[in-house]
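K.L.:
What shape does this take:
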Amino acid sequence: MTNIPKQKFKAGAIVATVWGNETLKDNEVVNYNTISLDRIYKDKAGEWKNTNSFRVSDLPKVALVMNKAYEFLTLNANQAEA
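P.N.:
Predicted coordinates for the structure are as follows:
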């Protein structure tokens, strides 16, 4: 079963990643999407890290990237149905 990123949306240090997933259920492959949300930063040693904790000042960017992820999934779902 695979789990591959379909799209990433980034605003500053905030990143929303849309993942395409599949699993087996009753011997059938079921596809579904998930979204991960991270804030990236450099630690004191200069290493890149990520966290899922956000500051109040991050929240507008969180809303923006999550709306973009939702828009991406919604528009793609509508195109797949057409």
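K.L.:
Counting neighbours, what do you get for the nearest residue to Lys42 once chain neighbours are set aside?
P.N.:
With sequence-adjacent residues excluded and distances taken as CB to CB, 6 or more residues apart in numbering, Lys42 is closest to Trp48, at 5.9 Å. (C-beta placed from N, C-alpha, C; glycine too.) If you count neighbours by other CB atoms under 10 Å, Trp48 ends up with 8.
K.L.:
just Ala16 next, same as before
P.N.:
23.
K.L.:
Hmm, Ala69 and it touching each other?
P.N.:
Yes - Ala16 is in contact with Ala69 according to CB atoms under 8 Å; the separation is 4.5 Å.
K.L.:
OK, contacts around Val18?
P.N.:
With contacts defined as CB atoms under 8 Å, 6 or more residues apart in numbering, the neighbours of Val18 are 5-9, 33-35, 69, 72-73.
K.L.:
Can you name every helix or strand that the helix or strand of the chain with the lowest mean pLDDT contacts?
P.N.:
Taking mean pLDDT, DSSP states H and E as the measure, the chain has helix 59-81 as its least confident helix or strand, at a mean of 89. Here helix 59-81 touches strand 3-11, strand 14-25, strand 28-42, going by 3 or more CB pairs under 8 Å, 6 or more residues apart in numbering; DSSP states H and E.
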